[in-house]
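K.L.:
What shape does this take:
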Amino acid sequence: MTVLSGLALWLVPSDADTAKLKTIMDIHPSLRFQPHITVASLPPDIPHDLEHTLSSISQEFRVSFDTVEIGDHFFRSVYIAVHPSDEMLALHRAVHTKLGIINPRTPKYPHMSLCYISDEDAPERTKYLQQLQSSGRIRQDGTSVSLNSREGDGSEDVWVSGFQAAELWLVDCTGPVDSWTPKSKIAF
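P.N.:
Residues are numbered from 1 along each chain as shown. Model prediction:
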């Protein structure tokens, strides 16, 4: 099992968008976690007043999905590559500048993981993506992608091509995934 030690700053969708995204994520019986885009990974002893720092840079914007991809790492098993909009890149830059982090470590930024699958079970990553494709859950729309979050067979299609950025969460990611807890939430 992969564990982390430290804090992470997550960009999270609204409760309504979270529910839609979890419908897609729950297709694979992996670890459960809040849909999010990691904006920054921080050491546990960062000496800043993070709530004040973060509240000064938060702003509302729309997140758009580009593609669904298979990754080569536990935390990027199957993920949505997010369009790197000016707002997304500005948020990333502002957070790291305010926190004095010169060389940020945010691989594949911006992306949103759909599941975490161990490296030992890596073939499951391909199976999950194929299951999404074969069940009609993914629709490529030119340069963007939509995911169908319908509740089950026979339900009405509910296509999700992104979300409104709702909050920044500071999350304690010490230990296994199911023990991660938000320390603070800053609404836009």
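K.L.:
how about the helices in this protein?
P.N.:
Under the criterion DSSP state H, the chain carries helices at the ranges 15-25, 50-55, 86-98, 123-134.
K.L.:
and residue 114, which of these is closest to it?
P.N.:
With respect to residue 114, and counting by Cβ to Cβ, the nearest of the helices of the chain is helix 15-25 at 5.2 Å. For every residue, glycine as well, the C-beta is placed using N, CA and C.
K.L.:
List the buried residues for the closest one?
P.N.:
17-18, 20-21, 23-25 (16 or more other Cβ atoms under 10 Å).
K.L.:
for the helices of the chain, which one sits closest to residue 61?
P.N.:
Here helix 86-98 is closest among these (Cβ to Cβ), at 3.8 Å.
K.L.:
low pLDDT regions in this structure?
P.N.:
Across the chain, the ranges flagged by pLDDT under 70 are 1-5, 47-51, 53, 58.
K.L.:
Look up how far residue 88 lies from residue 64.
P.N.:
9 Å (Cβ to Cβ, to the nearest Å).
K.L.:
for residue 37, same thing?
P.N.:
From residue 37 to residue 88 the distance is 8 Å (Cβ to Cβ).
K.L.:
How about residue 156?
P.N.:
30 Å.
K.L.:
And the two? Which one has more around it.
P.N.:
Neighbours per residue, other Cβ atoms under 10 Å: of residue 156 and residue 88, the larger number sits with residue 88, 21 against 7.
K.L.:
Am I right that that one is in contact with residue 63?
P.N.:
Yes: counting by Cβ atoms under 8 Å, residue 63 is a contact partner of residue 88 at 7.1 Å.
K.L.:
where do the contact lists of these two overlap?
P.N.:
Common neighbours of residue 88 and residue 63 (criterion: Cβ atoms under 8 Å, 6 or more residues apart in numbering): 37, 82, 110.
K.L.:
Nice, that's everything, thank you.
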